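Just need the structure, nothing else, for what follows:
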Amino acid sequence: YGLRDASRQWYLKVKETLLSLGCAQSTLDPGVFFFKDGKGLLCGVIGLHVDDFIHAGNAAFNSIVIESVLNTFKVGKNEKSAFMYTGFYIHQDKEGIVLDQENYTKNVIEVPDINIDRVKAKTEPLNESERSLLRKMTGSINWVVRATRPDLSFEMIELSTKFKSGTVEDLIRAKKCLLNIKQFESAIRIPDLGNPRYWEIVCYTDASLGNLNNGIDSAGGHIVFLLNTQTNRVAVLDWQANKIKRVVRSTLAAETLSLCEGLESAIFFADFLHEILHLKQSLPVRGVIDNKSTTEAVRSTTVVSDKRLRRDIASVKEMLTCGYVKQIDWVPGDQQLADVLTKRGVNGSKLLSVIQKGII
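Numbers count the residues shown, from 1 in each chain. Predicted coordinates:
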């Protein structure tokens with residue numbers, strides 16, 4: 001280390017070694033390598049994070065690949081079944097795998113005190129030190145939200161828009177959010193999903209019009225699951241919540257843009273699993289949305305007046321026509337798991353239950 005290109009040389013050496021051992025590199029994620037037997041069946045997967053490895057596989061994979069990697073590179077620790085990795089406590093049992101952030105939430109996150117006189121002045125703008133504190137608190141919230149607590153996504157998004165114009169009330173909300181994180185479980189379960197024959201990718205998407213930056217910007221979000229349609233067991237694959245990329249004029253536009261982004265993520269995971277598992281066909285992708293206007297616009301031949309929105313609707317239609325997406329279903333708002341990603345005050349217990357128990 002100490003050289004500007006040291007990390008690049010490290011990666012190239014690891015890549016060369018894994019390829020020489022018979023691994024293939026994912027075309028969709030250059031940090032993922034997988035190993036198959038002579039019949040094309042997946043035997044193991046190895047992922048890279050800077051100079052850390054994480055791997056899973058059978059005895060042949062361990063013998064051919066992992067033992068050689070351990071002999072080639074200086075590895076400080078090689079742990080299995082239960083270990084810390086990039087801030088997660090990962091442990092495996094008969095039911096599946098759990099990614100747990102409790103060590104971080106309990107021992108690393110600090111909840112600062114706020115001066116009692118400032119608490120009484122909720123509408124007062126933040127001073128420079130308080131703005132710095134808000135950024136630090138929001139960063140801690142973001143690390144947990146992106147990994148195990150999607151139910152707090154909207155709080156994190158809204159707080160991140162207050163760095164320049166926040167008030168004491170925003171600082172108080174950030175503190176309450178940190179207390180929530182320390183009080184409740186921060187973990188997700190990846191259960192055994194059984195035969196891939198019954199798998200499908202399900203993407204819940206939602207949006208809220210004009211609820212950021214004093215009514216100018218809108219929030220959008222999605223959450224993607226891998227579902228066994230026979231057992232209803234699910235593994236969460238991805239979630240995102242953010243400010244929609246452009247200012248929109250209607251709920252239809254906000255919901256459509258969020259749907260586009262969610263479906264693109266779902267299609268990526270369908271292609272990724274198809275690649276490493278060598279499936280006969282790509283997994284079906286299904287979108288779930290609670291806005292009827294969007295589902296009607298996607299199915300209708302009548303064009304909308306908003307010309308920019310026409311392209312977004314056409315993009316969703318193309319996904320359906322080309323078979324990338326099987327269908328888009330409408331559900332009532334109380335069944336929309338992504339609802340909590342885009343607005344304040346939504347009860348996130350249902351979503352937490354799904355990702356922590358691994359069943360929908």
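
where does the closest residue to residue 344 other than its chain neighbours land on pLDDT?
Leaving aside its sequence neighbours, residue 344 sits nearest to residue 154 (CB to CB, 6 or more residues apart in numbering; 5.7 Å). To be clear about C-beta, it is placed using only N, CA and C from the backbone, and glycine gets the same treatment. pLDDT recorded at residue 154 is 94.

how near is residue 154 to residue 211?
8 Å (CB to CB, to the nearest Å).

what do you get for residue 338?
Remark: distance between residue 338 and residue 211 (CB to CB) = 15 Å.

Neighbour count: the two, which is higher?
Remark: of residue 338 and residue 211, residue 338 carries more neighbours, 28 against 19, as counted by other CB atoms under 10 Å.

Surely that one is in contact with residue 202?
No: the criterion here is CB atoms under 8 Å, and residue 338 misses it with residue 202 at 10.9 Å.

State the number of residues packed around the residue nearest to residue 344.
Close neighbours of residue 154, defined as other CB under 10 Å, add up to 25.

Residue 24 - nearest residue in space that isn't next to it in sequence?
Residue 24 sits nearest to residue 34 (CB to CB, 6+ apart), 5.8 Å away.

Sheet partners, orientation included, of the helix or strand hosting that neighbour?
Using DSSP states H and E, residue 34 falls within strand 32-36. According to DSSP bridges, strand 32-36 forms sheet pairs with strand 24-25 (antiparallel), strand 42-49 (antiparallel).

For it, give the mean pLDDT please.
96.

pull the CA atoms of that strand into PDB?
Extracted in PDB, the C-alpha atoms of strand 32-36 (Å, rounded to 0.1, in the frame of the first residue of the first chain):
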ATOM      1  CA  VAL A  32     -18.600 -11.300  -7.700                       C
ATOM      2  CA  PHE A  33     -17.000 -14.600  -8.900                       C
ATOM      3  CA  PHE A  34     -18.700 -18.000  -9.000                       C
ATOM      4  CA  PHE A  35     -17.600 -21.500  -9.500                       C
ATOM      5  CA  LYS A  36     -19.500 -24.300 -11.300                       C
END
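
correct me, but residue 173 touches residue 152?
No: between residue 173 and residue 152 there is no contact under CB under 8 Å: 11.0 Å.

Show me which of those two is the more surrounded one.
The neighbour comparison of residue 173 against residue 152 (other CB under 10 Å) goes to residue 152, with 25 against 20.

check contacts around the more buried one.
The neighbourhood of residue 152, defined by CB atoms under 8 Å, 6 or more residues apart in numbering, consists of 141, 144, 145, 177, 180, 181, 348.

helix, strand or coil for it?
helix (DSSP: H, G, I helix; E, B strand; the rest coil).

what about residue 74, distance to residue 12?
Computed as CB to CB, the residue 74 to residue 12 distance reads 17 Å.

Fine, thanks again, bye for now.
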